[in-house]
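In: Predicted model and sequence below, questions to follow.
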Amino acid sequence: MCPDPNLNEANLKHLPSSIRRPTYDRSSVHTGIVHIGVGGFFRSHLAAYTDELLHQEDTASWGICGVGIRDDDARMAAAMSPQDGLYSLIVKHPNGLVESSVIGSMIEFVLGSNDPSTVIVKMASPETKIVSLTITEGGYNLSPATGDFDFDHPEVVHDLEHPDQPKSVFGYLTAALKMRRDAGSAPVTILSCDNIQHNGDLTRRMLLRFAQRQSPELATWISDQVTFPNSMVDRITPVTSEADIEYFRVQSGLLDRWPVTCEPFRQWVIEDRFANGRPAWEQVGAQFVADVAPYETMKLRLLNAGHSVLGILGALHGFDMINECIADDRFAAYLRSFFDQEATPTLDPVPGIDLVAYKDSLIERFGNPSIRDSVSRICLQSSSKLPVFLIPTIIDNLDKGRSIRLATLLIAAWCLYCDRQVDRNGNPLAITDDMKEPLHQAAMKTADDKRAFIQYSPVFGDLAQNEDFATTYETLVDDVYRSGDIVECMQRLLDDTVN
């Protein structure tokens, strides 16, 4: 019996043989990657790829320093510190098979919310060659209405006035890059791993906008020296539950305060543009390409948009889990119709990808009964997701005169979701969204003005000015409100498609 019940470096030897663990010497690994935004997805994806790579020879320079810059990151720091950065990755297969491993690639964790200088110095260190990001769609400070950097954000205002005590990710990056430039250090790569089309290009544009306001000379140096590869990332990673913590404790005899669960599928496509070297992630399954755009568009408009289709429609119907939606043939049929009729026509050919097989795999993945992925998680911050995942598909189809009704029904359903904030049975919806209140106010005006919701420009921009979209939306939002049953509305569209 292990006297210390905690997962940590000393207790790795107590793990049963069925649980894979680091066999490399973690004490010899040093930081080459600083990652901002340590959450479940990062730990199931970039950190897991890197852990596999560290088992190979001559890779010890690619350890990861996890970074938290927000007050609520203190929870992750508190969980990871006594565990020496170790955590369990629990992979759940559709057939019920569960595989567990302990990931050791995160060798340190630095919290900047109390002392930003610790993070800035770490990112500026000459041994740091990559700064990677998972800061969610909303973390890029992009105004959907203007498409520009939001200089009015309180954190940005603070950072421009207090550059040595930043709060925003762009304040931190700019401070660290200034320190690297002033020290004559080698350049660095900033690698976004968020679900945003052209995520590297967006990161570059937003950082340069901020840096230009702070120091035009520094912005020029960043533009010349720092690289921002685009990347496409994919692995469904639900929120950790108490049941997951208990599962690993029973299986291993050790307490992991914050395990990660995920599906077996994973994909990572990366542009090979790195300023100062990179890990050989291709040796463990990543794909380096010249142009990520076809892959990321495919993923955003099929997987991510598909998740939102199931999430919002499923929430209104009263489902709790995504796999419950797929188990309902009506939802599965609606999703597949959206894939085939509206999303796929907007895609360019994707080298090496059979789109029919890919869409088949998405249905299977969404329906994995072992992945308890909640509808509420998928609906989280929809105001940041839909402008990236769904609205570009609507715009492309409008431009080409193609169908937009299946996607537009989702917007109409989202209006009802934001307005009533209950499912069809009157149960309150768990809505977490930075724009929850203004969306609610806009949706509440629907009875008097059917276009009120889509006129909320921070989300929809000028989309309401397109008469084809607006009239289609008016018809569907009227149907949604009059019916009260989202499945009836879905079925009417499907029947019209068949006829």
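Out: Perfect, I can see it now. Numbering: from 1, shown residues only.

In: from what I can see Val487 touches Arg330, true?
Out: Yes - if you go by CB atoms under 8 Å, Val487 and Arg330 touch, sitting 5.6 Å apart. Backbone N, C-alpha and C define where each C-beta goes, glycine included.

In: For the nearest residue in space to His153 that is not next to it in sequence, grab the count of nearby residues.
Out: Ranked by CB to CB, 6 or more residues apart in numbering and with sequence neighbours excluded, the top spatial neighbour of His153 is Asn141, at 5.7 Å. The tally of other residues near Asn141 (other CB atoms under 10 Å) stands at 21.

In: in a helix, that's where Arg372 is, yeah?
Out: No - counting by DSSP: H, G, I helix; E, B strand; the rest coil, Arg372 is not found in a helix; it is coil.

In: May I have the phi/psi pair for it?
Out: phi -90, psi 70 (degrees, to the nearest 10).

In: between Val487 and Arg330, what contacts are shared?
Out: Jointly contacting Val487 and Arg330 under the rule CB atoms under 8 Å, 6 or more residues apart in numbering is no residue at all.

In: which stretches of the stretch 1-150 of the chain form strands?
Out: 31-36, 63-68, 87-92, 98-103, 106-111, 130-133 (DSSP state E, counting those that start in this stretch).

In: neighbouring contacts of the first one?
Out: This points to strand 31-36. Contacts to strand 31-36, defined as CB under 8 Å, 6+ apart, come from residues 42, 46-47, 50, 61-69, 106-108, 119, 122-123, 125, 127-135, 169, 172, 279.

In: Then the second one?
Out: With CB under 8 Å, 6+ apart as the contact definition, strand 63-68 has outside contacts at 26, 29-38, 42, 46-47, 50, 54, 74, 76-77, 80, 85, 105-113, 119, 122-123, 128.

In: Out of the residues you listed, which end up buried?
Out: Buried members of those, scored by 16 or more other CB atoms under 10 Å, are 26, 29, 31-38, 42, 46-47, 50, 54, 76-77, 80, 85, 105-112, 119, 122-123, 128.

In: From Met123, how far out is the residue nearest to His153?
Out: Look at Asn141 and Met123: by CB to CB, to the nearest Å, they are 18 Å apart.

In: next one: Ser17
Out: Computed as CB to CB, the Ser17 to Met123 distance reads 39 Å.

In: what does Ala343 give?
Out: 37 Å.

In: Gly37 now?
Out: Distance of Gly37 to Met123, given as CB to CB: 13 Å.

In: Quick check: chain neighbours aside, which residue is closest to Ala343?
Out: Sequence neighbours aside, Arg301 is the residue nearest to Ala343 in space, at 4.7 Å (criterion: CB to CB, 6+ apart).

In: The one you found belongs to a helix, doesn't it?
Out: Yes - the assignment for Arg301 is a helix, going by three-state DSSP.

In: Low-confidence stretches in this protein?
Out: 1-4, 144-145, 498-499 (pLDDT under 70).

In: mind giving me the domain ranges of it?
Out: The chain breaks down into these domains under automatic domain parsing: 9-289, 293-498.

In: chain center to the shortest one, what's the gap?
Out: Right, domain 293-498. Between the centre of domain 293-498 and the centre of its chain there are 17 Å (CA atoms, centre = their mean, to the nearest Å).

In: what do you get for stretch 198-212?
Out: 18 Å.

In: contact partners of that stretch?
Out: 133, 140-142, 148-149, 156, 159, 168, 170-171, 173-174, 177, 190-193, 196, 218-219, 222-223, 226, 228-231, 271, 273, 293, 296.

In: Select only the buried ones of those in ChimeraX?
Out: Selection of the buried residues among the contacts of stretch 198-212 in ChimeraX, burial being defined by 16+ other CB under 10 Å:
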select :133,140,141,142,149,156,159,168,170,171,173,174,177,190,191,192,193,196,218,219,222,226,228,229,230,231,271,293,296
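
In: Sort out which of the contacts of stretch 198-212 are in strands and list them.
Out: Counting by DSSP state E, the part of the contacts of stretch 198-212 found in strands is Leu133, Ile190, Leu191, Ser192, Ser231, Glu271.

In: hey, C-alpha coordinates of the one helix or strand Asp419 maps to in CSV?
Out: Secondary structure from DSSP states H and E places Asp419 in helix 405-420. This file holds the C-alpha atoms of helix 405-420, laid out as CSV (Å, rounded to 0.1, in the frame of the first residue of the first chain):
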residue,chain,number,x,y,z
ARG,A,405,-31.9,27.1,-44.2
LEU,A,406,-30.4,24.3,-42.1
ALA,A,407,-27.8,26.6,-40.7
THR,A,408,-30.2,29.5,-40.3
LEU,A,409,-32.5,27.4,-38.2
LEU,A,410,-29.7,27.1,-35.7
ILE,A,411,-29.5,30.9,-35.5
ALA,A,412,-33.3,31.0,-35.0
ALA,A,413,-33.0,28.3,-32.3
TRP,A,414,-30.2,30.2,-30.7
CYS,A,415,-32.5,33.3,-30.5
LEU,A,416,-35.1,31.2,-28.6
TYR,A,417,-32.3,29.7,-26.4
CYS,A,418,-31.0,33.2,-25.5
ASP,A,419,-34.5,34.6,-25.0
ARG,A,420,-36.3,31.9,-23.0
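
In: list the helices and strands it packs on?
Out: Helices and strands touching helix 405-420, by 3 or more CB pairs under 8 Å, 6 or more residues apart in numbering; DSSP states H and E, are helix 305-317, helix 329-338, helix 382-389, helix 391-400, helix 436-444, helix 467-483, helix 486-498.

In: what residues does the third one touch?
Out: The contact list for helix 382-389 (CB under 8 Å, 6+ apart) reads 136-138, 144, 195-197, 300-301, 304-305, 307-308, 311-312, 410-411, 414, 433-435, 439, 458-461.

In: just the buried members of those?
Out: Buried by 16+ other CB under 10 Å: 136-138, 144, 195-197, 300-301, 304-305, 307-308, 311-312, 410-411, 414, 433, 435, 439, 458-461, out of the contacts of helix 382-389.
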